[in-house]
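Engineer: turn this into a model:
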Amino acid sequence: MDGHRRRMKERFLNGGLDGFADHEVLELLLFYAIPQRDVNPLAHRLLDRFGSLAGVLDASPEELAGVEGSGPGTAALLSLIPALSRRYAISGGSFDGAVTSSADAGRALLPYFIGETREVMYAACLDGKRRLIGCKLLDRGGNTGTGVNVRRVVECAIGMRAAAVIVAHNHPSGVAVPSREDREATLELKKALALVDVELVDHLVIADGDFVSMADAGMLENDQVPESRRRQE
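Structural biologist: Residues are numbered from 1 along each chain as shown. Model (predicted):
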């Protein structure tokens, strides 16, 4: 077993993951969670259970820990991979310059959604020249998603002394189409930000590495917010 592990590690160090089957990629990872056992059967069980390597890495820690031969340590290691990929993309892809288009906004915000399987919302705060001041996680929803929290967005904008804000949230279902609720909440947010002299530039709806800009779609034009959407934050 030690010889097999050594050969697998040397193979990766010499040639990367090219030529590795998905179960071998999982084996390589599992070496570090389970040091004293043959992990090949577990790698195959994980793929059988979740359908693909992406399915394994997107599974929740609870789901991963429930597979025979797995456990909390294995679940933590596998859950770390997409989170680490997201952090790597954010760290290496910091956006410089002014955000002058939805394409710029997408480049700045898409890395924050890599590997996210739950609905999350971020606010990107911009200065008077539309340069990015910072990006803040506002909410992380459960399986039923998350809504626009007007108070949190306004607090974020004031705290960062922003002149403008872009918000973004994902649809884990894989369909980047703004819902009626998305539009109504966005119009409410636009009015609330205007009260503190902050412009809502855009709201991006993100899915599967792509996005729809509500500004480009003309969904930020109507300032009339339905009474049914009015609520105390």
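Engineer: so what's the gap between stretch 126-143 and the chain middle?
Structural biologist: How far stretch 126-143 lies from its chain's middle: 13 Å, per CA atoms, centre = their mean, to the nearest Å.
Engineer: also stretch 169-187?
Structural biologist: 15 Å.
Engineer: return the set of buried residues in it.
Structural biologist: Of all the residues in stretch 169-187, those buried under the rule 16 or more other CB atoms under 10 Å are 169-172, 176, 178, 182-187. Quick note: C-beta positions are derived from backbone N, CA and C, even for glycine.
Engineer: now, the most widely separated pair of those residues?
Structural biologist: Using CB to CB, the buried residues of stretch 169-187 reach their maximum pairwise distance at P172 and L187, which is 23.7 Å.
Engineer: quick one: the helices in the protein?
Structural biologist: With helices called from DSSP state H, the chain shows them at 2-15, 22-30, 40-50, 53-58, 61-65, 72-92, 102-109, 150-159, 180-194.
Engineer: any idea which of those gets closest to C125?
Structural biologist: Of all the helices of the chain, helix 150-159 sits nearest to C125, with 5.9 Å by CB to CB.
Engineer: just checking, what packs against the closest one?
Structural biologist: If you count contacts as 3 or more CB pairs under 8 Å, 6 or more residues apart in numbering; DSSP states H and E, helix 150-159 packs onto strand 120-126, strand 132-140, strand 164-170, helix 180-194.
Engineer: let's have these in JSON lines, adding distance to H44.
Structural biologist: Converted to JSON lines, the helices and strands packed on helix 150-159 look like this (distance: least, CB to CB, whole Å):
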{"stretch": "strand 120-126", "distance to H44": "32"}
{"stretch": "strand 132-140", "distance to H44": "32"}
{"stretch": "strand 164-170", "distance to H44": "31"}
{"stretch": "helix 180-194", "distance to H44": "41"}
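Engineer: hey, which of those is tucked in deepest?
Structural biologist: Comparing these by mean neighbour count (mean count of other CB atoms under 10 Å), strand 164-170 ranks first with a mean of 25.
Engineer: name the nearest of the buried residues of stretch 169-187 relative to S91.
Structural biologist: Among the buried residues of stretch 169-187, and counting by CB to CB, the member closest to S91 is N170, at 19.7 Å.
Engineer: that closest one contacts F113, correct?
Structural biologist: Yes - at 4.9 Å, N170 and F113 qualify as touching, with contact defined as CB atoms under 8 Å.
Engineer: do you know how far R180 is from E119?
Structural biologist: 16 Å (CB to CB, to the nearest Å).
Engineer: please disregard the earlier target; I meant S101.
Structural biologist: Distance from S101 to E119, counting by CB to CB: 25 Å.
Engineer: who has more neighbours, the two?
Structural biologist: Higher neighbour count among S101 and E119: E119, with 21 against 14, using other CB atoms under 10 Å.
Engineer: pLDDT score assigned to the more buried one?
Structural biologist: Looking at E119, its pLDDT reads 90.
Engineer: now it: how far from S179?
Structural biologist: From E119 to S179 the distance is 12 Å (CB to CB).
Engineer: kindly report the domain assignment for the protein.
Structural biologist: Here the domain assignment for the chain is 2-89, 96-229, based on automatic domain parsing.
Engineer: what's the least confident stretch among those domains?
Structural biologist: Mean pLDDT is lowest for domain 96-229 among the domains of the chain, at a mean of 87.
Engineer: any idea which residue is closest to the centre of this protein?
Structural biologist: Geometric centre of the chain, nearest residue: F113, 2.0 Å, by CA atoms, centre = their mean.
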